[in-house]
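Provided below are the primary sequence and the corresponding predicted coordinates.
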Amino acid sequence: MATLDRLYDIAAKLDSQNLKSSGINAEYGTINIQNHTISLLESTNKSLDQLNNQRGNKTTQYYTTQSYTIEKMATLDRLYDIAAKLDSQNLTAQTATPESRELYKEIISSVHSTQPGSKQLGAQFISKYFGIFPELSTTAIDGLIDLCEEDDSATRIQAIRAIPQICKESREHTPRLADILVQLLQTDRPVELDNIKNALVSLLRVDSKGTLEAIFSQIQSDQTAEDGTPDDSLKIKAVSFLREKIVPLKDLLVDNQENQRFLGEKFKTMITDCSSQVQTSLLDLLKFFPLYRGQVQVISIPSGSSSTPTTLPIIPSDSEPFDFDAPFEPKPDYAQKLISKLVFKRNSIQQSASSSPPPNASKEITYLGTKVLPTLTPIINPKRLADEFHVPLLQILADLSPYATPADARTALHELYNLFILYCPSLKIDKGVKINFSVLEALLLAFHHLGSKVPSFLRGLCGFPFPLSGQPSDTLTLPPGRKEDTYARLGYITAEITPVYLRKLNEALAHKKREAQAKTGEEKEKALNQVTELEVAIKSINNVNTLAQGLKKVPLPQFFKIPGSWRQETLGSGSSAKSTLGSKRPWSASTTPTTTTTTTTTATTSTASSSKGKEREGNGQRKKALRRGKYN
C-alpha cells in the first residue's frame, strides 16, 4: 500500500505542475526536463513494472499517456520556437543564413515525428517558409508527400492544404504536386476529397497548363488492379474532376483558347488508346469547349481485310501542318487529318464571325472545291474517297461557305452542282435507289451560301434566271436541257420524296416517344436515343425540303441561310457521348419508304498511380502508394 500511495503522490505532483518541455536537443532527440521530474518518472516506471501483475495495465496506460503528452508538447514547442526565430529575422532567399537553414531542416524532419500533431504543424511551417530555402525544396516536397501518405487523415489533409502555398511560391513545382493530388483523388473520404479538389483548383489558377499536364499524365497512365486486370478508376476520377469544375473554371478552361487547344491535342493523342468508358468521358467533356463543341467526328471504317470496323475519332486540331497546295489523297488517314484541320478552322471562324476584318476561308474552300469534291462522286472511281468521310466533309464545306469570296464560290460551285445532280433523284430514276439526305442537305446548304455570293454565275451553270453581272465568268453557255433537269429534280424532291418521309418519320417519332414514356432504366435511355435520331432525321429532311423549295421559286430562286441539322448539339452530363458531326449520320432512305433507317456511328469510348510497390491500409481505407517518379 505504501508503494501505491507513493505512486498516487507522484501522479498528483506531476499533474499539479502543468509540465512543459524546455526544448529538444537536435543532436540526440531527447527532451530536457527538470532533473527531479525525470527522476520521478523513472521511479514511477520502475514501480509500475513491479505492479503490472497486481493492478493490471490501467495505471501503466495512464502514465504512458502522460509521458506521451510531455514529448508531444516538447516537439510542438520546439516547432513554435523555430518559427518565432525565423519570423524575427525577416528572411528572404537572399538573406537566409546557415543557421536558419538548419532550423528549416529541423522543421522538415518533423514529418518523421511519432506525433500526428507535430506532423500537422510541420506541414504548415514547411509551406510557410518554403520560398526562403529553395535549395531545400526537393527535401521539403518529399517530406510533404510523405505526409500525404500518412495513415492519419487529419495529417494528410494538412499536407494537402499546404501544397497550393508551395506552388504559389514556386510555380515550377506545380506539375509534380498536381500529379500527387490527382493520385489522391482515389480517397473515399468526403472531407479529404473536397480538400484535394480545392487544392487542384488552386493549382489550376497558379499554373493551368502545368496542372493539366499532370492530370492528363494520370489519365494516360496504365494501371492494374490487384488481380492484374486494367484499372481505370483513377482515369475516370480525373476526367470527372475536370467535368465537375468546367463551369467554375470557365475563365481558365473554356474561355482560354490556348488551354482549349492544349486539351484538344491531349484528347487527340489518347482517345484512340483508352477504354470505352474513358473515351466516353473524354468525348463528353470535350463538348464543353467552344472550339470542339459538338464537332468530334467519330467514324467507323473497315479495317483492312477484317469485317470489324475501326473507330476513328477526329478531334479538331491546328497543330499539324497541312499542305493545301498538294493533291488530295483519298485515304482514311489523310481525310482524317484534313477534317481535323477544317473543323478547327470552322470553329475558330465562327467564334470570331463578328470580327473586323471578317474571317476568310478562301484557301479551305478552294481546296475542297477543286481537290476533294471530285473524289466524292457516287460512281465507280478508283480515286473515290470512302463513303464514311463524305458527310463530314460536305457539312464542313457548308459551314465554311458563308466565309467564301465570290472567286471561291465560282470555283466550288461547278463540282458542287455535279454532285447535286448525282445525289438528287429525278422522275426517271429507279424507284429502289436510296437517297442520302445527309449528303443532300449539306450539298443544298453549301449551294445556297455560295450561290448567294455569285447569283449571276448560276444563270449559265444551272439555268436560274438571274440578271447577268457583266463578269466574264458569269457568261457561261447553258448546256441544253440543264435548266429543265435542275427544276425537275428540285420538284421531285419537294413534291414526291420529302412529304412521304416526313409523314413516316413523324409517325415513328410519336410511337417512340410513347414507348420511351412507358419504359424505365436502360430501355428508356435506348428509346430516348432513338427519339433523338428520329428528330435529327426529321430536321435534315425539313432542311432539304426548305432549301429545294427556295431554289425552284419563281421568278427568282430564294437563298436561305439556315443551320444544318448536324449543328444541333446536346450539352450536359449524359451517360454517353454523342457526336453531332457524323454521329447519328448519315441518314439515308430508299425512294420507296417502308421503314425508316438511321445509321448510327457509336463512339466506343476507356489511371491512377502507383510505383512505390507497396499497398497501405489506414483508417479502414485501402490506399495505393503514391507514384513520384515522373516529376522528380
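Arrived safely. Numbering: from 1, shown residues only.

switch to C-alpha atoms for all contacts and neighbour counts from now on
Fine.

just checking, what packs against the helix or strand containing residue 166?
Per DSSP states H and E, residue 166 falls inside helix 153-169. Under the contact criterion of 3 or more C-alpha pairs under 8 Å, 6 or more residues apart in numbering; DSSP states H and E, the helices and strands touching helix 153-169 comprise helix 116-128, helix 137-148, helix 174-184, helix 190-206.

tell me the angle of that helix relative to helix 174-184?
With axes from the mean of the first three to the mean of the last three C-alpha atoms, to 10 degrees applied, the angle from helix 153-169 to helix 174-184 works out at 160 degrees.

what's the angle from helix 153-169 to helix 137-148?
Relative orientation of helix 153-169 and helix 137-148, computed by the same axes, to 10 degrees: 150 degrees.

Kindly format the C-alpha coordinates of helix 153-169 as CSV.
What follows is the C-alpha trace of helix 153-169 in CSV, where atoms were taken according to Å, rounded to 0.1, in the frame of the first residue of the first chain:
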residue,chain,number,x,y,z
SER,A,153,-6.5,11.6,-42.2
ALA,A,154,-6.0,14.9,-40.4
THR,A,155,-2.3,14.8,-41.2
ARG,A,156,-3.0,14.1,-44.9
ILE,A,157,-5.5,17.0,-45.1
GLN,A,158,-3.0,19.4,-43.5
ALA,A,159,-0.3,18.3,-46.1
ILE,A,160,-2.8,18.7,-48.9
ARG,A,161,-3.7,22.2,-47.8
ALA,A,162,0.0,23.2,-47.7
ILE,A,163,0.5,22.3,-51.4
PRO,A,164,-1.1,25.4,-53.0
GLN,A,165,1.1,27.7,-50.9
ILE,A,166,4.2,26.0,-52.1
CYS,A,167,3.1,26.3,-55.8
LYS,A,168,2.4,30.0,-55.3
GLU,A,169,5.9,30.4,-54.1
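
Need the winner for burial among the helices and strands packed on helix 153-169.
Of the helices and strands packed on helix 153-169, the one with the most neighbours on average (mean count of other C-alpha atoms under 10 Å) is helix 174-184, at a mean of 26.

Which strands and helices lie in contact with it?
Counting by 3+ C-alpha pairs under 8 Å, 6+ apart, the packing neighbours recorded for helix 174-184 are helix 153-169, helix 190-206, helix 208-220.

Rounded mean pLDDT for the second one, please.
To tie it back to what came earlier, the one meant is helix 190-206. Model confidence over helix 190-206, given as mean pLDDT, is 94.

and what of stretch 549-562?
Here the average pLDDT along stretch 549-562 is 91.

quick thing: my sequence starts at 893, can you match it?
Yep, numbering from 893; the last one is stretch 1441-1454 now.

So which bits of that stretch are buried?
Going by neighbour count (16 or more other C-alpha atoms under 10 Å), the buried part of stretch 1441-1454 is 1441, 1442, 1443, 1444, 1449, 1451, 1452.

Rebuild the residues you listed as a markdown table, extending it with distance to residue 1353 and secondary structure.
Shown next, in a markdown table, are these (distance: C-alpha to C-alpha, whole Å; DSSP: H, G, I helix; E, B strand; the rest coil):
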| residue | distance to residue 1353 | secondary structure |
| --- | --- | --- |
| 1441 | 18 | helix |
| 1442 | 17 | helix |
| 1443 | 13 | helix |
| 1444 | 15 | coil |
| 1449 | 14 | coil |
| 1451 | 16 | coil |
| 1452 | 19 | coil |
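
got JSON lines for the residues you listed, with distance to residue 1309 too?
Putting those into JSON lines (distance: C-alpha to C-alpha, whole Å) gives the following:
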{"residue": "1441", "distance to residue 1309": "16"}
{"residue": "1442", "distance to residue 1309": "16"}
{"residue": "1443", "distance to residue 1309": "13"}
{"residue": "1444", "distance to residue 1309": "15"}
{"residue": "1449", "distance to residue 1309": "15"}
{"residue": "1451", "distance to residue 1309": "15"}
{"residue": "1452", "distance to residue 1309": "17"}
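
Out of those residues, which is nearest to residue 1155?
residue 1452 (35.6 Å; C-alpha to C-alpha).

Quick check: closest non-adjacent residue to that closest one.
Across the structure, with C-alpha to C-alpha, 6 or more residues apart in numbering as the measure, the residue nearest residue 1452 apart from its sequence neighbours is residue 1340 (6.3 Å).

Contact partners for the closest residue to residue 1279 other than its chain neighbours?
On the basis of C-alpha to C-alpha, 6+ apart, the spatially nearest residue to residue 1279 that is not a chain neighbour turns out to be residue 1268, at 7.7 Å. Listed by C-alpha atoms under 8 Å, 6 or more residues apart in numbering, the contact set of residue 1268 reads 1276, 1277, 1279, 1282, 1311.

Which ChimeraX command selects the buried ones in those residues?
Selecting in ChimeraX just the buried members of the contacts of residue 1268, where the criterion is 16+ other C-alpha under 10 Å, is done with this command:
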select :1276,1277,1282,1311
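
Just the contacts of residue 1268: which are in helices?
If you go by DSSP state H, the contacts of residue 1268 have 1282, 1311 in helices.

now, which of the contacts of residue 1268 sits nearest residue 1253?
Within the contacts of residue 1268, the smallest distance to residue 1253 is 19.5 Å, found for residue 1282 (C-alpha to C-alpha).

Please report how far the closest one lies from residue 1300.
If you measure residue 1282 against residue 1300 using C-alpha to C-alpha, to the nearest Å, the figure is 20 Å.

So residue 1149 versus residue 1236, what's the distance?
As for residue 1149, its distance to residue 1236 is 12 Å (criterion: C-alpha to C-alpha).

of those two, who's got more company?
Neighbours per residue, other C-alpha atoms under 10 Å: of residue 1149 and residue 1236, the larger number sits with residue 1236, 21 against 15.

got a list of what the residue nearest to residue 1000 when sequence neighbours are not counted touches?
Of all residues beyond its chain neighbours, the one nearest residue 1000 is residue 1032 (6.0 Å), with distances taken as C-alpha to C-alpha, 6+ apart. Residue 1032 sits next to 1000, 1018, 1022 when contact means C-alpha under 8 Å, 6+ apart.

got those residues as CSV, with distance to residue 1136 and pLDDT columns?
Listed next are these as CSV, based on distance: C-alpha to C-alpha, whole Å; pLDDT from 0 to 100:
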residue, distance to residue 1136, pLDDT
1000, 35, 94
1018, 31, 95
1022, 31, 94
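
Same list as before, those residues that is, but in JSON lines and with distance to residue 1079 included.
Putting the contacts of residue 1032 into JSON lines (distance: C-alpha to C-alpha, whole Å) gives the following:
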{"residue": "1000", "distance to residue 1079": "25"}
{"residue": "1018", "distance to residue 1079": "24"}
{"residue": "1022", "distance to residue 1079": "27"}
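
between the residues you listed, which is closest to residue 1050?
Using C-alpha to C-alpha as the measure, the one of those that approaches residue 1050 most closely is residue 1018, at 11.0 Å.

which residues sit in contact with that closest one?
996, 999, 1000, 1032, 1036, 1054.

Next one: the first one relative to residue 1016, how far apart?
The spacing between residue 996 and residue 1016, counted by C-alpha to C-alpha, is 12 Å.

Out of the helices and strands packed on helix 1066-1076, flag the one nearest residue 1141.
Between residue 1141 and the helices and strands packed on helix 1066-1076, the tightest spacing by C-alpha to C-alpha is seen for helix 1082-1098, at 8.1 Å.

Determine the number of other residues adjacent to residue 1458.
Taking other C-alpha under 10 Å as the criterion, the count of residues near residue 1458 is 25.

Could you measure from residue 991 over to residue 997?
With distances taken as C-alpha to C-alpha, residue 991 is found 10 Å from residue 997.

More neighbours: which of the two?
residue 997 (16 against 10).
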